[in-house]
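# Here is my input; please provide its structure:
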Amino acid sequence: MTRKMAVTGTAIVAVLALGFTTQDLGEVVGEIEALNTLRSSLAASFAGEPDRSTFTQVCKPVGARAKQLAQENGWKVAQLAEKYRNPANKLDWEARLAYKVMEDSPELMGMWIRTEMDGESGDRYFRRIVVERACLACHGAKAKRPQFIKDTYPNDRAYNFKEGDLRGIYSVFVAD
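Residues are numbered from 1 along each chain as shown. Sure, this is the predicted structure:
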């Protein structure tokens, strides 16, 4: 498999022998960057003590936009994590490998792999999700998590993060 590196500003994106064009690659990366900007701006707008409305105002719109991207483009889009709240967001084996690479290489913002998913060949993009200061209201110390999170997610694993930590990854699969 041929390996290539693409550098964008200070961010490094690893590319592994893909099956589609640079234009397609740019579209996926651009949409996920916009999604991450949405996440960041919503998190930055949060102030005060988190409650159920915090989820509605901050996290839910990001998930809704990810679903919209999937529907509009025929992509499979997910936010995955090692330390997840919802078991549906648990890393699969490929995402676990990408997560580990990103954990070991903080300068690596994203990476592509050639793969198969649900019997289809295609390309998969992973992009890091970084913990921001505002995220700590719900993802900081375990003991300080809001009661609604403790009640809603009794098996929660998404806590004890610090600002700048790798929170999870976006995953986008684009079938051939």
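# Please make it C-alpha for all contacts and neighbour counts, starting now.
Will do.
# Would you state the strands of the chain in chain order?
Ranges of strands within the chain are 3-8, 11-16, 76-80, 108-117, 120-130, 166-175, based on DSSP state E.
# who wins for proximity to Ala47 among those strands?
Judged by C-alpha to C-alpha, the one of the strands of the chain that comes nearest to Ala47 is strand 120-130, at 18.8 Å.
# and the closest one, which strands flank it?
Sheet pairing of strand 120-130 (DSSP bridges) gives strand 108-117 (antiparallel), strand 166-175 (antiparallel).
# Just name the most buried of those.
Of all these, strand 166-175 carries the top mean neighbour count, a mean of 24, counting by mean count of other C-alpha atoms under 10 Å.
# which residues of this structure score low on pLDDT?
For the chain, the stretches flagged by pLDDT under 70 are 1-23.
# before we move on, the earlier item: I'd like the strands paired with strand 120-130 as JSON lines, with distance to Leu136 appended.
JSON lines is the format used below for the strands paired with strand 120-130 (distance: least, C-alpha to C-alpha, whole Å):
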{"stretch": "strand 108-117", "distance to Leu136": "21"}
{"stretch": "strand 166-175", "distance to Leu136": "11"}
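# Quick one: closest of those strands to Glu49.
strand 166-175 (20.8 Å).
# thinking again about what came up before, go through the strands paired with strand 120-130 and name the closest to Met102.
Nearest to Met102 among the strands paired with strand 120-130 is strand 108-117; the distance by C-alpha to C-alpha comes to 5.9 Å.
# excluding its backbone neighbours, what's nearest Asn89?
Leu80 (4.6 Å; C-alpha to C-alpha, 6 or more residues apart in numbering).
# Check the gap between the one you found and Phe148 for me.
21 Å (C-alpha to C-alpha, to the nearest Å).
# So which of the two has more stuff around it?
Leu80 (25 against 13; other C-alpha atoms under 10 Å).
# Assess the claim that the more buried one and Leu166 are in contact.
No. Judged on C-alpha atoms under 8 Å, Leu80 makes no contact with Leu166 at a distance of 11.3 Å.
# Of all the strands paired with strand 120-130, which one is nearest Phe55?
Per C-alpha to C-alpha, nearest to Phe55 of the strands paired with strand 120-130: strand 166-175, 16.4 Å.
# Quick one: work out the angle between the closest one and strand 76-80.
Interaxial angle of strand 166-175 relative to strand 76-80 (axes from the mean of the first three to the mean of the last three C-alpha atoms, to 10 degrees): 170 degrees.
# For strand 166-175, output the C-alpha coordinates as PDB.
Listed next in PDB are the C-alpha coordinates belonging to strand 166-175 (Å, rounded to 0.1, in the frame of the first residue of the first chain):
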ATOM      1  CA  LEU A 166      -8.200  13.600  22.500                       C
ATOM      2  CA  ARG A 167     -11.900  13.200  23.200                       C
ATOM      3  CA  GLY A 168     -12.800  11.000  20.200                       C
ATOM      4  CA  ILE A 169     -12.800  10.900  16.400                       C
ATOM      5  CA  TYR A 170     -15.100  11.700  13.600                       C
ATOM      6  CA  SER A 171     -15.400   8.800  11.200                       C
ATOM      7  CA  VAL A 172     -16.600   9.200   7.600                       C
ATOM      8  CA  PHE A 173     -16.900   6.200   5.200                       C
ATOM      9  CA  VAL A 174     -17.400   7.000   1.500                       C
ATOM     10  CA  ALA A 175     -18.300   4.000  -0.600                       C
END
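# Cool, thanks, talk later.
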